[in-house]
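Undergrad: Need coordinates for the below:
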Amino acid sequence: MGASCQTGHPPGLGDTEVLSGQALQFVYSRDPLRAVDKYTIRPLDSLSRALGITWTEITPSSSLKAFEIAQEWLDDGALFLARFRQPMLVFGYEKTSFEADLKVLRIEHRLPDETLSRPECDLHDWRLQMDEGNSLLRVNYVEYPDPDWMALLPLVVRRTIANWRHEPIDGVDIGLSAYKSFADDLRNPEVDFTGPEAPSWMGPLLYRQIHARTHIHQFLDRLAPRFGGKPRQVLSKASTNFGQSAASWQEFAKHLGRVYERQEHGKSLRGPDTNVNHWRDSRRRQEAAKMVDQAALWEGRAITELAKLLGT
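TA: Below is the predicted model of the structure:
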């Protein structure tokens, strides 16, 4: 692909999702727990390579040790990620009469600002070591704070196509097969999406993937004008098709809205109840399934365009 100039901007949230690979795939399994953290490539490794990031990663033996390390890093002026049951950005702490409570932003919950005490962490957020444990990740160095987006584009294109065509992994459908399986289950009255298990497809597990369609659309839309000739036409068409896919998902959300799931005092709470009832409504599910089909059609067209750049 021939390029005319550099893009010259630091990566935003949508860009990092694209570079990490998270925005380039759609996954689905009837059992939501099997689809959690299912990736064709490791997002953190992918993002690290793209931006030349070096990390310090520590796996604490206990929450006590984790909070001690967190306080040391914060005293050094560092922000860092804590990978507990949910990923969190840790940016400060407050001294209490007993120990320090961490100031965190919960990434999957659209970054609400809150404090986290160690007893609360043990009760709600600390993962058992047999469940891959917990880790703290601190950025040491970023080689490309203003990356060469043009050079990264072919990598994004290849990964996007590969994810669309990917075979299932451990019973989890990916790409086109995930779209088809999800639409089929929406039409099947025997499939209950509102069961008590968490996470479910009514909440962040699905909706963060829906938002990712917008991220890849915006990524390609911004880069297309930097090219000339065939690459520019192909990227423009692919971007438009991803935009139409995102619009179809917006229509989907009008039928089956997001259900917010959270933990309070050891209990799992869901809301709004209206949206839970919508996920039990067969008519709404039928209409939503049509929107999934439509989103898949548009995304398939985007893949067809991108494949022209690779001759596949």
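Undergrad: Quick one: the strands in this protein, in order.
TA: 27-28, 53-58, 80-83, 87-95, 100-106, 113-116, 135-142, 173-174, 260-264, 267-271 (DSSP state E).
Undergrad: Buried ones in the second one, by neighbour count?
TA: Using 16 or more other CB atoms under 10 Å as the test for burial, strand 53-58 gives 53, 55, 58. (Each C-beta comes from the backbone N, C-alpha and C, glycine too.)
Undergrad: what angle separates that strand from strand 135-142?
TA: 150 degrees (axes from the mean of the first three to the mean of the last three CA atoms, to 10 degrees).
Undergrad: Let me know the average pLDDT across stretch 183-203.
TA: Stretch 183-203 comes out with an average pLDDT of 88.
Undergrad: end-to-end on it?
TA: Using CA to CA, to the nearest Å, one end of stretch 183-203 lies 17 Å from the other.
Undergrad: Give me the buried stretch members for it, please.
TA: 183, 185-187, 193, 200-203.
Undergrad: Also stretch 152-170?
TA: Counting neighbours by 16+ other CB under 10 Å, one finds that the buried residues in stretch 152-170 are 152-153, 156-157, 159-164, 166, 168.
Undergrad: how about the CA coordinates for it, as PDB?
TA: In PDB, the C-alpha atoms belonging to stretch 152-170 read as follows (Å, rounded to 0.1, in the frame of the first residue of the first chain):
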ATOM      1  CA  LEU A 152       0.400  -0.600  11.200                       C
ATOM      2  CA  LEU A 153      -2.500  -0.600   8.800                       C
ATOM      3  CA  PRO A 154      -1.600  -3.800   6.900                       C
ATOM      4  CA  LEU A 155      -1.300  -5.600  10.200                       C
ATOM      5  CA  VAL A 156      -4.800  -4.400  11.200                       C
ATOM      6  CA  VAL A 157      -6.200  -5.500   7.800                       C
ATOM      7  CA  ARG A 158      -4.700  -9.000   8.000                       C
ATOM      8  CA  ARG A 159      -6.000  -9.500  11.500                       C
ATOM      9  CA  THR A 160      -9.500  -8.300  10.700                       C
ATOM     10  CA  ILE A 161      -9.800 -10.700   7.800                       C
ATOM     11  CA  ALA A 162      -8.400 -13.600   9.700                       C
ATOM     12  CA  ASN A 163     -10.800 -13.000  12.700                       C
ATOM     13  CA  TRP A 164     -13.800 -12.900  10.300                       C
ATOM     14  CA  ARG A 165     -12.800 -16.300   8.800                       C
ATOM     15  CA  HIS A 166     -11.500 -17.900  12.000                       C
ATOM     16  CA  GLU A 167     -12.500 -21.400  13.100                       C
ATOM     17  CA  PRO A 168     -14.100 -21.800  16.500                       C
ATOM     18  CA  ILE A 169     -11.800 -22.100  19.500                       C
ATOM     19  CA  ASP A 170     -12.700 -24.400  22.400                       C
END
